[in-house]
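Peer 1: What follows is a predicted protein model with its sequence.
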Amino acid sequence: MNFTDLRILKTQERLQNALLELLEEKELKAITVKEICDKAGISRNAFYQHYGYKEDLYDQMVARATERIRGSLAPIIPDVSHLRHDTVASYAKNIMDGISEVRELIYVMLKGDDGTFLRQLTDLIFGQFLTDAISFFDVSDSKELRLYYEFLAAGMAAFIIKWVLEKSLTKDEATALLVEILIQISTRIPMHLENQKRKKE
């Protein structure tokens, strides 16, 4: 990475941190570009070199959070034959590490959420779970499979949201709880997946 790229990243990071602080106090629509720039110690001209509108900055922050969450949900083993207690524990730790990295950002987004971010989060988790399940369990896409993973995605989204908003459990405590939940889910393949596998054989 060269000096110019590093400077661009530093400027964007300062602007994102400034907007994050302001979002703790008020909604995005009530925040001005001038306020963001003043908070970041960056000129408005510099702001417009990176973003057309404050919404562009916010969208970049949302994209950063969702990408980190998506990355944390990626499987760490190739298929169900490698599934063990320690791999489930590692997977849960990956998820909680990813959420922790963007926890403050998720918290701010959820505080003023009208349901949009919750739906985005649930859809993101569903998409990742469904894609992974097809290759992980070697099954075909189906309406039953989709409904099953809609249910799991809603549960995972609720788990993340409660942990982020309530702050009643430490990261280690939440990770241990998530390990227990994931072990219960992964100890047996759902019946409709077993039926699909039998048909293939």
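Peer 2: Sure, I can see it. Numbering: from 1, shown residues only.
Peer 1: State the helix or strand in which the most centrally placed residue in the chain lies.
Peer 2: Nearest to the geometric centre of the chain sits residue 69, at 2.5 Å (Cα atoms, centre = their mean). For residue 69, the host element (DSSP states H and E) is helix 54-73.
Peer 1: Which positions within that helix qualify as buried?
Peer 2: Neighbour-count burial for helix 54-73 flags 54, 57, 58, 60, 61, 62, 65, 66, 68, 69, 72, 73 (criterion: 16 or more other Cβ atoms under 10 Å). In this view, the C-beta of every residue, glycine as well, is placed from N, C-alpha and C.
Peer 1: end-to-end on stretch 134-143?
Peer 2: One end of stretch 134-143 to the other measures 13 Å (Cα to Cα, to the nearest Å).
Peer 1: how far is it from where the chain is centred?
Peer 2: 23 Å (Cα atoms, centre = their mean, to the nearest Å).
Peer 1: per-residue confidence averaged over it?
Peer 2: The average pLDDT within stretch 134-143 is 82.
Peer 1: Please apply the same query to stretch 28-38.
Peer 2: The average of the pLDDT scores along stretch 28-38 is 94.
Peer 1: quick one: residue 133 from residue 14, how far?
Peer 2: According to Cβ to Cβ, to the nearest Å, residue 133 and residue 14 sit 40 Å apart.
Peer 1: Please say which of these two ends up with more neighbours.
Peer 2: With neighbours defined as other Cβ atoms under 10 Å, residue 133 and residue 14 compare such that residue 133 has more, 22 against 17.
Peer 1: element containing the more buried one, please.
Peer 2: helix 116-136.
Peer 1: Compute the inter-axis angle for that helix and helix 54-73.
Peer 2: Orientation check (axes from the mean of the first three to the mean of the last three Cα atoms, to 10 degrees): helix 116-136 against helix 54-73 gives 30 degrees.
Peer 1: Which SSE is immediately downstream of helix 116-136?
Peer 2: Reading on from helix 116-136 to the C-terminus, the next helix or strand found by DSSP H and E is helix 143-166.
Peer 1: Show me what counts as buried in that next one.
Peer 2: Residues 145, 148-150, 152-153, 156-157, 159-161, 163-164 are the ones in helix 143-166 that count as buried (16+ other Cβ under 10 Å).
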